[in-house]
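Just the structure for this:
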Amino acid sequence: MSGMEKEVSDAAGRNRKDTGLTEGKLWDKILFFAMPIVLMNILQQLFNTADIAVVGRLVGNDALAAVGSAGPIVTLFITIFSGLSVGANAVIARMVGSGNKEQIEKSVHTSVAIAVLSGVIVLVVGEVITRPLLALVSTPENVMDMAVLYLRIYFSGSIFIMLYNFEAAILRAGGDTKRPLYILLISGVLNIALNLFFVTVCGMSVEGVAMATLVSNIVSAVMLFGILVKDKGSFRLRMPEICPHPGIARGVLMVGIPAAVQGMLFNIANIVLQSGINSLGPTVVAGNTVGVNVEIFLYFIVAGFGQTCITFNGQNLGAGKLKRCVSATRWCLGLGFIFTVIASGIAFMLRNGLAGLFTPDETVIRIAAFRIAILAAFEVLNMMIEVLSGALRGWGHSFLPAFLSLFFVCGARMIWLFVIFPMDRTYEWLMSVYPVSWALAVASLGWAYFYVKRKLFRGMPQEN
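Next up, the predicted model:
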């Protein structure tokens, strides 16, 4: 074991004996817990962003449009991967809070089994539906074959992507957010290096950047798997014991599936919107692609606080500390607000320069800068969606935010695309749906949070 691995393993072992998430001040614990998650999310997105930057600068606009057309579909499946893993995070966090070591061990092995099985399903389904999905979003015919090739290579690594997300969720549930970050940092650097190698040295196009992402995903999953196998505590992974325990699997899936569905609903709505974007021509598609790959870094900041809220609420619910659950949610909202405003302000001010990192085309930069501006201005609403959803998932109520998202996100965006967008078929008018749908979702989730909180406080004894 390397020095770094020993250090983080010892730290994680101490965390699992007493994670500290159920005792003491909250704001500093939340901050130091959330920051590695934010960085990890950003590094994971760098895989796709590196693809975009390399093809945009070194291959050309057709390759950029091909990867851009595949982008919403890639994001959709990343949401499925991370959404399902939320179930492992929430269930194991509650068991850590209650101190049930036997159930923690069973949950770890169940979670890995679910990761592998669901990865196989996504692999098969993804390979079959690649071309129909791209056709559904009106991918331009001249880039269709390149987009299909990119997605099929990407889907071939589904098992490893799913495995990494579950492994990271397992450790995060025990209070360890550092090891997933270290591993992803290594694989992220590898991804960028392989992008440049395959494109500049081997002369590849979209297949080169897709292969770089595939190799990087394999490396991150295998390294984290190895660290879990070497673990000395109740999170140790034993190969013969990897199997789904029915009761625990049910609990993981009852939280994970609605979380994945909620993310899917957001992204299905985005895929449908992509058809409207594609109808405006390749230049708009390229500009939107660049804008998405800047704006999504803001999303991963807010998602980090949402994921933090799951773990803090899960552990404190397991320990029977409901008032601390409420305080944790408030701190996640407050700290999330501060970091979102700072990051959004920077993105807003530097939007033209950030877009210029991906392409020299002035028209593409202008379109990208508009998307960055309008979404950055309202990103705080997105943060509130993630944190409130995280609190509900940590309490085991994952269906409610998914159900509300169906109506107040998907529904609003569908109506906008098919009813309001035809009144003024411009990119600027189409993008206006984001703040509108976010505001509706925040209002509905706020109601859901206070409704569930009242039920919990009536149904459980209060701590001193």
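
Neighbours of the closest residue to Val326 other than its chain neighbours, how many?
Spatial nearest neighbour of Val326, chain neighbours left out: Lys453 (6.7 Å); criterion: CB to CB, 6 or more residues apart in numbering. The way it works is simple: take the backbone N, C-alpha and C, and place the C-beta from them, glycine included. Neighbour count for Lys453, taken as other CB atoms under 10 Å: 17.

host element of Lys453?
Lys453 belongs to helix 433-459 when assigned by DSSP states H and E.

helices and strands around that helix, which ones?
helix 322-349, helix 362-377, helix 379-394, helix 399-405, helix 411-415 (3 or more CB pairs under 8 Å, 6 or more residues apart in numbering; DSSP states H and E).

hmm, back to that, touching, the residue nearest to Val326 and Arg330? I think so.
No: taking contacts as CB atoms under 8 Å, Lys453 lies outside contact range of Arg330: 11.6 Å.

now the residue nearest to Val326: how far from Ala249?
Here Lys453 is placed at a distance of 28 Å from Ala249 (CB to CB, to the nearest Å).

again with Phe408
With CB to CB as the criterion, Phe408 and Ala249 are 30 Å apart.

Next secondary structure after the host helix or strand of Phe77?
Using DSSP H and E, Phe77 falls within helix 61-98. Counting by DSSP H and E, the next helix or strand C-terminal to helix 61-98 is helix 101-136.

tell me which strands and helices that next one is in contact with?
helix 61-98, helix 144-155, helix 158-173, helix 246-278.

the inter-axis angle of the helix holding Phe77 versus helix 379-394?
40 degrees (axes from the mean of the first three to the mean of the last three CA atoms, to 10 degrees).

got the buried residues for helix 61-98?
61-97 (16 or more other CB atoms under 10 Å).

re earlier: quick one, which of the helices and strands packed on helix 433-459 is packed in tightest?
helix 379-394 (a mean of 27; mean count of other CB atoms under 10 Å).

mean confidence for it?
What helix 379-394 shows for mean pLDDT is 93.

quick one: low-confidence parts of the stretch 351-464 of the chain?
Filtered on pLDDT under 70, the stretch 351-464 of the chain yields the residue ranges 459-464.

how about 80 then?
358, 405-406, 457-464 (pLDDT under 80).

how about the helices and strands packed on helix 433-459, which one is nearest Gly446?
Nearest to Gly446, of all the helices and strands packed on helix 433-459, is helix 379-394, at 6.5 Å by CB to CB.

if we can go back for a sec, now mean pLDDT too, for the helices and strands packed on helix 101-136, in TSV please.
Below are the helices and strands packed on helix 101-136 laid out as TSV (pLDDT from 0 to 100):
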stretch	mean pLDDT
helix 61-98	79
helix 144-155	86
helix 158-173	89
helix 246-278	82
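
After the helix or strand harbouring Ile192, which helix or strand is next?
Per DSSP H and E: Ile192 is located in helix 178-196. Moving toward the C-terminus from helix 178-196, the next helix or strand (DSSP H and E) is helix 206-230.

helices or strands next to that next one in the packing?
helix 3-17, helix 27-58, helix 61-98, helix 144-155, helix 158-173, helix 178-196.

now it and helix 27-58, what's the angle there?
150 degrees.

Roughly how far does Ile242 sit from Arg236?
Taking CB to CB, one finds Ile242 at 12 Å from Arg236.

Where does the closest residue to Ile52 other than its chain neighbours fall, secondary structure wise?
Excluding the flanking residues, the one nearest Ile52 by CB to CB, 6+ apart is Asn293, at 5.1 Å. Asn293 is part of helix 282-318 when elements are defined by DSSP H and E.

What mean pLDDT does that helix get?
Mean pLDDT, helix 282-318: 86.

Next, the buried residues of it.
Neighbour counts over helix 282-318 (16+ other CB under 10 Å) mark 282-318 as buried.

now stretch 23-38
Here stretch 23-38 shows Leu26, Lys29, Ile30, Leu31, Phe33, Ala34, Met35, Pro36, Ile37, Val38 as buried, counting by 16+ other CB under 10 Å.

still on that earlier bit, starting at the chain centroid, how far to the helix holding Ile192?
Remark: helix 178-196 is offset 17 Å from the chain centroid, using CA atoms, centre = their mean, to the nearest Å.

and what of stretch 400-415?
Using CA atoms, centre = their mean, the offset of stretch 400-415 from its chain centre is 18 Å.

Can you measure across that stretch, start residue to end residue?
From its first residue to its last, stretch 400-415 covers 22 Å (CA to CA, to the nearest Å).

Ok, stretch 389-399 next?
Per CA to CA, stretch 389-399 runs 10 Å from first to last residue.

List of residues touching it?
86-87, 90, 93-94, 254-259, 262, 305-314, 317, 325, 328-329, 332, 400-401, 445, 448-449, 452, 456 (CB atoms under 8 Å, 6 or more residues apart in numbering).

I'd like to know which of the helices and strands packed on helix 433-459 lies nearest to Glu141.
Closest among the helices and strands packed on helix 433-459, using CB to CB: helix 362-377, at 20.2 Å.

which strands and helices sit next to that closest one?
Using 3+ CB pairs under 8 Å, 6+ apart: helix 362-377 touches helix 282-318, helix 322-349, helix 351-356, helix 427-431, helix 433-459.

Can you redo those helices as JSON lines, where the extra columns are distance to Leu224?
Shown next, in JSON lines, are the helices and strands packed on helix 362-377 (distance: least, CB to CB, whole Å):
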{"stretch": "helix 282-318", "distance to Leu224": "16"}
{"stretch": "helix 322-349", "distance to Leu224": "25"}
{"stretch": "helix 351-356", "distance to Leu224": "31"}
{"stretch": "helix 427-431", "distance to Leu224": "37"}
{"stretch": "helix 433-459", "distance to Leu224": "31"}
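
Tell me which of those helices sits nearest to Ile415.
helix 433-459 (8.7 Å).

Could you pull out the buried residues of the closest one?
Buried residues in helix 433-459 (16+ other CB under 10 Å): 433-442, 444-445, 448-449, 452-453.

what's the answer for stretch 254-271, then?
Here stretch 254-271 shows 254-271 as buried, counting by 16+ other CB under 10 Å.

and if you look at stretch 224-234?
Leu224, Phe225, Ile227, Leu228, Asp231, Gly233, Ser234.

quick one: pLDDT of the fourth one?
Model confidence at Leu228, given as pLDDT, is 88.

Then the fifth one?
The pLDDT attached to Asp231 in the predicted structure is 79.

how near is it to Asn89?
Distance from Asp231 to Asn89, by CB to CB: 17 Å.
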